[in-house]
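S.K.: heads up, no residue letters with this:
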């Protein structure tokens, strides 16, 4: 690992750990991932540096939160502009950032999902979605998958189905868990299942377009309806791909059939996009789009603000109106700074740079001692095709140079 050459001034590791043990809640000690804690000092795009200058390629992204990069120049610039204008007011007043952001966010969701309520976290968004579903349907029971994680608030701990996140107290009343349709590790499916995420080409014994494993899991959902809840339910929560539960992918068409069964019982279908939204699944902007379903409510957080505390619930006008019978207020939901940052995250684009900008990066790479090609329809693709004798040391050198050239370009903008 390369080291960044700087002199870190500030609190020592020993002092930080002393305070952590004495003044921070003991849970902060428990959630440290590594045997030896990592002492992070700063980050830039996909990289983090610790207090000793050691560099790390961050592939966990602050628990699936840093969607466009640490201290992304565009996001940072948007935050700085807003900090000079208006840091905080609440939505009892009318101010531009919240309206600009709500319109922008809604434009990225299909009809009729066009009504936005902004929160501060995913737990809070899911909490609010639970309340909306119960008010709209007049029903109480909510179903989630085993292994799911939907938050740590008293209400959402009932939705969450992982033992490490449970406490022996009365929380999350009316929440029922059903079997997770895991065709990789579950009872039905396995490595030869056509719908298993570990393979897509081998033959299985199912007829084309039909998955026996999926039908078994649907039967389990039906059994939950028959034995564990009232005949009418309020909602069904599902992450499009289960996150904390182990990156579980469901059989094709399972969610489509599950949504149909839920709606037959009066329930709303809620997509928890806290970890899968904003392009995290790769093929679509929202995870639910990969299942060809349309939820009634979508909740989101984490990547929505690229690390800034922010969340949202998006639903239909009809469901939103049912919630408007009372009064619900959130001091920081829709904060001007949060909305400005959220807007800049949505504006991160895959549009090609102009030829002049590409040439500047291309020349910079050459000036630092590396020759590459370029191509693509707009000349926007760097073509990297080394001879077979290239070494790992050469590859590391190229990555350092390429990263530096991109950084140089961003700093000049």
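M.R.: Yep, that arrived. Being a predicted model, the structure only gives us computed values, none of them experimental.
S.K.: Number of residues surrounding residue 231?
M.R.: Applying other C-beta atoms under 10 Å, we find 10 other residues in the vicinity of residue 231. Every C-beta, even on glycine, is put in place using the N, C-alpha and C of the backbone.
S.K.: now swap in residue 158 and tell me
M.R.: Neighbours of residue 158 (other C-beta under 10 Å): 22.
S.K.: Also residue 251?
M.R.: Neighbours of residue 251 (other C-beta under 10 Å): 25.
S.K.: gap between it and residue 295?
M.R.: 18 Å (C-beta to C-beta, to the nearest Å).
S.K.: Likewise for residue 310?
M.R.: From residue 310 over to residue 295 (counting by C-beta to C-beta), the distance is 20 Å.
S.K.: And for residue 80?
M.R.: Going from residue 80 to residue 295 by C-beta to C-beta gives 35 Å.
S.K.: These two: which is more packed in?
M.R.: Taking neighbours as other C-beta under 10 Å, residue 80 and residue 295 compare with residue 295 leading, 28 against 10.
S.K.: Find the nearest non-adjacent residue to the more buried one, please.
M.R.: Computed as C-beta to C-beta, 6 or more residues apart in numbering, the closest residue to residue 295 that is not its neighbour in sequence is residue 271, at 4.0 Å.
S.K.: Over to residue 65?
M.R.: Nearest to residue 65 is residue 302, by C-beta to C-beta, 6+ apart, at 4.3 Å.
S.K.: In this structure the one you found contacts residue 125, no?
M.R.: No - with contact defined as C-beta atoms under 8 Å, residue 302 does not count as touching residue 125 (10.3 Å).
S.K.: where do the contact lists of these two overlap?
M.R.: Shared contacts of residue 302 and residue 125 (C-beta atoms under 8 Å, 6 or more residues apart in numbering): residue 274.
S.K.: if you count what's nearby, which of these two comes out ahead?
M.R.: Neighbour totals were compared for residue 302 and residue 125, and residue 125 leads with 31 against 26 (other C-beta under 10 Å).
S.K.: Please, where are all the strands along the protein?
M.R.: 40-44, 47-50, 55-57, 115-119, 142-145, 175-178, 235-238, 268-272, 297-300, 311-315, 373-375, 381-383 (DSSP state E).
S.K.: Settle this for me: residue 221 is touching residue 258, isn't it.
M.R.: Yes - because the distance of 5.9 Å satisfies C-beta under 8 Å, residue 221 is recorded as touching residue 258.
S.K.: shouldn't residue 301 be in contact with residue 274?
M.R.: Yes - the pair residue 301 / residue 274 is scored as a contact, 4.6 Å apart, by C-beta under 8 Å.
S.K.: Between those two, which contacts overlap?
M.R.: Here residue 301 and residue 274 share the contacting residues 122, 125, 311, scored by C-beta under 8 Å, 6+ apart.
S.K.: picking up where we left off before, report the beta-bridge partner residues of the residue nearest to residue 295.
M.R.: residue 238, residue 298 (DSSP bridges).
S.K.: So it sits against residue 288, correct?
M.R.: Yes - counting by C-beta under 8 Å, residue 288 is a contact partner of residue 271 at 4.3 Å.
S.K.: Common neighbours of these two, please.
M.R.: 240, 295, 298.
S.K.: want to try a markdown table for those residues, with distance to residue 321 as columns?
M.R.: Shown next, in a markdown table, are the shared contacts of residue 271 and residue 288 (distance: C-beta to C-beta, whole Å):
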| residue | distance to residue 321 |
| --- | --- |
| 240 | 27 |
| 295 | 18 |
| 298 | 17 |
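S.K.: Check those for the minimum pLDDT and say which it is.
M.R.: Across these, the bottom pLDDT score, 94, is held by residue 240.
S.K.: And it, how far from residue 400?
M.R.: 36 Å.
S.K.: Between these two, point out the one with more neighbours.
M.R.: residue 240 (25 against 14).
S.K.: Now that one: closest residue in space that isn't a chain neighbour?
M.R.: That would be residue 287: by C-beta to C-beta, 6+ apart, it lies 2.7 Å from residue 240.
S.K.: Now the phi/psi pair for the residue nearest the centre of the chain, please.
M.R.: In the chain, the centroid-proximal residue (C-alpha atoms, centre = their mean) is residue 275; its distance is 2.5 Å. Main-chain torsions, residue 275, degrees, to the nearest 10: phi -100, psi -20.
S.K.: tell me the contacts of it?
M.R.: 64, 239, 241, 243, 302-303.
S.K.: okay but residue 307 is in contact with residue 58, surely?
M.R.: No - under the criterion of C-beta under 8 Å, residue 307 is not in contact with residue 58, lying 11.3 Å apart.
S.K.: between those two, who's got more neighbours?
M.R.: Neighbours were counted for residue 307 and for residue 58 using other C-beta under 10 Å; residue 307 has more, 21 against 17.
S.K.: Tell me the spacing between the residue nearest to residue 65 and residue 404.
M.R.: 29 Å.
S.K.: okay, and the common contacts of residue 307 and residue 58?
M.R.: With C-beta under 8 Å, 6+ apart as the test, residue 307 and residue 58 both reach 66, 70.
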